[in-house]
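[1] Here is my input, please return the structure:
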Amino acid sequence: MRFNLFYPAVALVGVALVFLFQPPVESELNFYGFAESNETAINYNYPVVVEEILVRPGQAVKAGEVLLQVSRRRSKETLADQEFRIRELQSEESIWRGRKQDELAETDRKMTDATVRLSREIEEAERKLDYQRSLSEGLTSVTVPTSNYRPQEDKIIALKEELARTQVQGKEKEQSLRRELNLGGNPYRAQIDRLSAEAQFDEGQRVQPFAVTAPSDGLIGNLSVKEEEHVPSYETLLSFYEPHSGIVRGYLHEDQTLRVETGDKLEVFSLKNPELIYAGTVVGLGSRIVSIPTRLRKLPDFETYGREVIVEITLDNGFLQKEKVGLRTPR
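    All right, here's what the predicted structure looks like:
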């Protein structure tokens, strides 16, 4: 009787698959992560020209070390826009000044007309009053009461008061208009002076050289520019990395997510150097289950899912940027 090895082989494969896909049941947490990369993109909110590049990718630099020599250059279009706006405001100022001068002339004309009219009415009223009095002077037998002259006298008083009031109001308005014309109320002069000062400053600052320096000790990442290149606003010049990251990003298998909470303590250790072990604190947990990155899976060829775990460690650690590390329950 021959012994068939097919069925035992199938059984062994089945058992292996069961153990392969069975969720981890170890009593201690043990999963993988990587040292986060603290990358800074260096750029400016205005266009620059790269004059000289003094570093290369991967180079270690110290805080304050000069990385690039660049210059800020004002475009001719910007200066032309300022000049156009100044001319536009000067034109508007001229129109405004013409209207104010017309208004001043109209005020003067109205005051003159009113003065002439009221002066004539006053002269006419005084002549009538003198005539009335002359009639009574020749009467010896009849005495004319002074009350007969009162209406005409009151009219003369009212006309003189109106004349004085008209002259005062006219002078006040005339003075107000002259003050406006003498820059006190000119709505355009301040804008013209400001734009002129800005244009003069920008002309002097058309080419403004300065150095790009390292914000702290670290490593140069990618250089995105070359010498003599015109770089637009907000365009990245280069990337900069801090020498060590204080954040480790790990991925815990989905069947173990309930075993970790914010504030828990974990050990973070190097997979290459057993002596590098640091105490870490869980400071963040992912809000959903995601696919674990291939390099962090215990079996790279089989897609597994888990929850992101953010662990904070000391900044003076010995991990490389993006280095794969292990995370576990403190021993």
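
[2] State the helix or strand in which residue 171 lies.
    helix 150-181 (DSSP states H and E).

[3] Mind listing what's buried along that helix?
    For helix 150-181, a neighbour-count test (16 or more other CB atoms under 10 Å) marks 152, 155, 156, 159, 163, 166, 170, 173, 177, 180, 181 as buried. Where you see a C-beta, it was placed from the backbone N, CA and C, and this is true even at glycine.

[4] Report all helices and strands that that helix contacts.
    Counting contacts by 3 or more CB pairs under 8 Å, 6 or more residues apart in numbering; DSSP states H and E, helix 150-181 packs against helix 76-137.

[5] got the angle for the helix it packs on vs helix 150-181?
    Angular relation of helix 76-137 and helix 150-181 on a 0 to 180 degree scale: 170 degrees, by axes from the mean of the first three to the mean of the last three CA atoms, to 10 degrees.

[6] In terms of secondary structure, what does helix 76-137 contact?
    Helix 76-137 packs on helix 150-181, helix 189-204, going by 3+ CB pairs under 8 Å, 6+ apart.

[7] follow-up on the earlier one: out of the buried residues of helix 150-181, who's nearest residue 291?
    residue 180 (72.9 Å; CB to CB).

[8] surely that closest one meets residue 100?
    Yes: the criterion here is CB atoms under 8 Å, and residue 180 meets it with residue 100 at 5.8 Å.

[9] need the buried residues of helix 150-181 in a markdown table with distance to residue 314 and pLDDT, can you?
    A markdown table is the format used below for the buried residues of helix 150-181 (distance: CB to CB, whole Å; pLDDT from 0 to 100):
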| residue | distance to residue 314 | pLDDT |
| --- | --- | --- |
| 152 | 107 | 82 |
| 155 | 102 | 88 |
| 156 | 102 | 87 |
| 159 | 97 | 88 |
| 163 | 93 | 88 |
| 166 | 88 | 88 |
| 170 | 84 | 86 |
| 173 | 78 | 86 |
| 177 | 75 | 81 |
| 180 | 69 | 76 |
| 181 | 72 | 75 |
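
[10] May I see these organised as TSV, with distance to residue 112 added?
    Below are those laid out as TSV (distance: CB to CB, whole Å):
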residue	distance to residue 112
152	26
155	23
156	21
159	17
163	12
166	10
170	9
173	13
177	15
180	21
181	20
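
[11] The nearest residue to residue 323 once chain neighbours are set aside: neighbouring residues, count only.
    In space, and not counting its chain neighbours, residue 323 is closest to residue 35: 4.8 Å by CB to CB, 6 or more residues apart in numbering. Residue 35: 23 surrounding residues under other CB atoms under 10 Å.

[12] Residue 35: what's it in contact with?
    When contacts are counted by CB atoms under 8 Å, 6 or more residues apart in numbering, residue 35 touches 244, 245, 247, 248, 317, 319, 320, 321, 322, 323, 325.

[13] low pLDDT regions in this structure?
    Confidence mapping of the chain against pLDDT under 70 gives the ranges 1-27, 74-80, 136-148, 183-185, 199-206.

[14] Give me the helices and strands touching the longest strand seen in it, please.
    The residue-count maximum for a strand in the chain (DSSP state E) belongs to strand 277-291. The contact analysis (3+ CB pairs under 8 Å, 6+ apart) places strand 277-291 against strand 265-270, strand 305-312.

[15] If we ignore the residues flanking it in sequence, what's nearest the residue nearest in space to the middle of the chain?
    Of all residues in the chain, the one closest to the mean position by CA atoms, centre = their mean is residue 45, 10.3 Å from it. Computed as CB to CB, 6+ apart, the closest residue to residue 45 that is not its neighbour in sequence is residue 233, at 5.6 Å.

[16] Same question for residue 307.
    residue 257 (4.3 Å).

[17] and the gap between that neighbour and residue 32?
    Per CB to CB, to the nearest Å, residue 257 is found 15 Å from residue 32.

[18] quick one, what contacts residue 107?
    Per CB under 8 Å, 6+ apart, neighbours of residue 107: 170, 173, 174, 177.

[19] can you confirm the residue nearest to residue 45 is in a helix?
    No: counting by DSSP: H, G, I helix; E, B strand; the rest coil, residue 233 falls outside a helix, being coil.

[20] Surely it is in contact with residue 44?
    Yes: in terms of CB under 8 Å, residue 233 counts as a neighbour of residue 44; the distance is 6.9 Å.

[21] So which of those two has more stuff around it?
    residue 44 (16 against 10).
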